[in-house]
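**Student:** pasting the sequence and the predicted model now:
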Amino acid sequence: MLDVSGGARQADVRPIFAQATRGTVYLDLTSLDGSAPDFLARWLVGDDYGVRSVVSAPSADVARKLLEQYAMRFSEIEVPTIGTRRQDAPRLLDGLLQDLGSSRRVAELGRDRVAALAAFAWPEDIDQLRRAAERIQAYLDHDRSVAAAAAALSVKPQSLHEALTRIGALGARSRSTQ
């Protein structure tokens, strides 16, 4: 991943492209202040390094501005929010749990809780899903004890209980003080 939020100098970026030769470079423009340098666009789409480029931007206009002279070489894709594909939330949570190194699965919460997770709107999208995965893992790893999971996460039990209840991971009769 190439982070250019603090600016990009050729000398700093060249080794990244050299290492990625004939591979993939992911460029995150979501926090970019101002515009990216011309050499960056040339290296992303030119033949110098032969990389496949994946550019993430807050809007297509931002990406187009960086790559306007190479626009014909790009395809625009829109990644739907979690809220528009809520039914995928449990599966995505399982993937995030696996990424955290956990062997736990959302199904361990029970069918009703899985359905509630799939029904939740996920307004903060993937960031909220990531936080939820960490909380669910702690909850499951600590024998469904909110107090023990909260201690492991260094948060107040009430805060953890509210967060898990809000997304549907806890029902009304969850053990919150064990």
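**Tutor:** Perfect, I can see it now.
**Student:** how about the strands in this structure?
**Tutor:** Read by DSSP state E, the chain holds these strands, from start to end of the chain: 2-3, 24-28, 52-56.
**Student:** possible to save these as TSV with mean pLDDT, distance to Gln137 and mean neighbour count?
**Tutor:** Using the backbone N, CA and C atoms, a C-beta is placed for each residue, glycine as well. Written out in TSV, the entries for those read as follows (pLDDT from 0 to 100; distance: least, Cβ to Cβ, whole Å; neighbours: other Cβ atoms under 10 Å):
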stretch	mean pLDDT	distance to Gln137	mean neighbour count
strand 2-3	62	27	18
strand 24-28	81	26	17
strand 52-56	80	26	16
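**Student:** can you put those strands in CSV and add distance to Asp141?
**Tutor:** Formatted as CSV, the strands of the chain follow (distance: least, Cβ to Cβ, whole Å):
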stretch, distance to Asp141
strand 2-3, 32
strand 24-28, 31
strand 52-56, 32
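**Student:** could you list the domains of the protein?
**Tutor:** The record, using automatic domain parsing to delimit domains, assigns the chain the ranges 2-73, 82-167.
**Student:** average pLDDT for the helix ranked longest in the chain?
**Tutor:** Looking across the chain with DSSP state H, the single longest helix is helix 125-141. Along helix 125-141, the predicted confidence averages to a pLDDT of 95.
**Student:** got the buried residues for that helix?
**Tutor:** Of the residues in helix 125-141, those scored as buried under the neighbour-count criterion (16 or more other Cβ atoms under 10 Å) are 128-130, 132-133, 135-140.
**Student:** please name the nearest non-neighbouring residue to the residue minimising distance to the centre of the chain.
**Tutor:** To find the centre residue of the chain, average its C-alpha atoms and take the closest one (Cα atoms, centre = their mean): that gives Ile126, at 4.6 Å. On the basis of Cβ to Cβ, 6 or more residues apart in numbering, the spatially nearest residue to Ile126 that is not a chain neighbour turns out to be Ile82, at 6.4 Å.
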